[in-house]
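Chemist: got a structure for you, letters missing:
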């Protein structure tokens, strides 16, 4: 006697998992899924269910959150390092231009705007730490009597601390 068949008949026994629909699909060459003998959604002519489950979405969002949390300090450090490199370059250029002005005119400029007016620079660069071109702090040149003779040096107007532990204003 075969399991799932009533004794002496070719009909499925009551309560068996086989059905006449299943026999018809097998005769046509189609296969059935193991769960409740429904047609498999991945067979030709049948589309797969669309979308994601809530658990799948939560797992993906959690993984993305962890990756962002790990990358954030590295990103912030890279942004700060880029600002510091820009500040060093701007200070180097401004100091070089002040020296060129002194070599050409035998005196120091009265301010950064004098460098723009005489064509040594196109415009006063922005301080990358403070975000403004108006926050540069000038160091005045003095003569023997202590009288100011113009702009000798320039420094950042920021009081923040650099990655190496020094103040930007001391650079």
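Modeler: In hand now; what should we look at? Model, not experiment: these values are computed from the prediction.
Chemist: Residue 113: neighbour count?
Modeler: When neighbours are counted by other C-beta atoms under 10 Å, residue 113 registers 12. Just so you know, the C-beta spots here come from the backbone N, C-alpha and C atoms, and that holds for glycine as well.
Chemist: quick one: buried residues of the longest strand along the chain?
Modeler: Secondary structure assigned by DSSP state E gives strand 148-155 as the longest strand of the chain. Within strand 148-155, the residues that qualify as buried are 150, 151, 152, 154, 155, counting by 16 or more other C-beta atoms under 10 Å.
Chemist: what does that strand contact?
Modeler: Residues outside strand 148-155 that contact it (C-beta atoms under 8 Å, 6 or more residues apart in numbering): 91, 94-95, 98, 107-112, 114, 136-143, 169-171.
Chemist: cutoff 10 Å now
Modeler: For strand 148-155, the external contacting residues (C-beta atoms under 10 Å, 6 or more residues apart in numbering) are 90-91, 93-95, 97-99, 101-102, 105, 107-115, 124, 127, 135-143, 167-171.
Chemist: That one pairs with which strands, and in what direction?
Modeler: Strand pairing for strand 148-155, using DSSP bridges, gives strand 137-142 (antiparallel).
Chemist: on contacts alone, who are the packing partners of the longest helix along the chain?
Modeler: The single longest helix within the chain, with elements called by DSSP state H, is helix 54-105. Helix 54-105 is packed against helix 112-117, strand 137-142, strand 148-155, with contacts defined by 3 or more C-beta pairs under 10 Å, 6 or more residues apart in numbering; DSSP states H and E.
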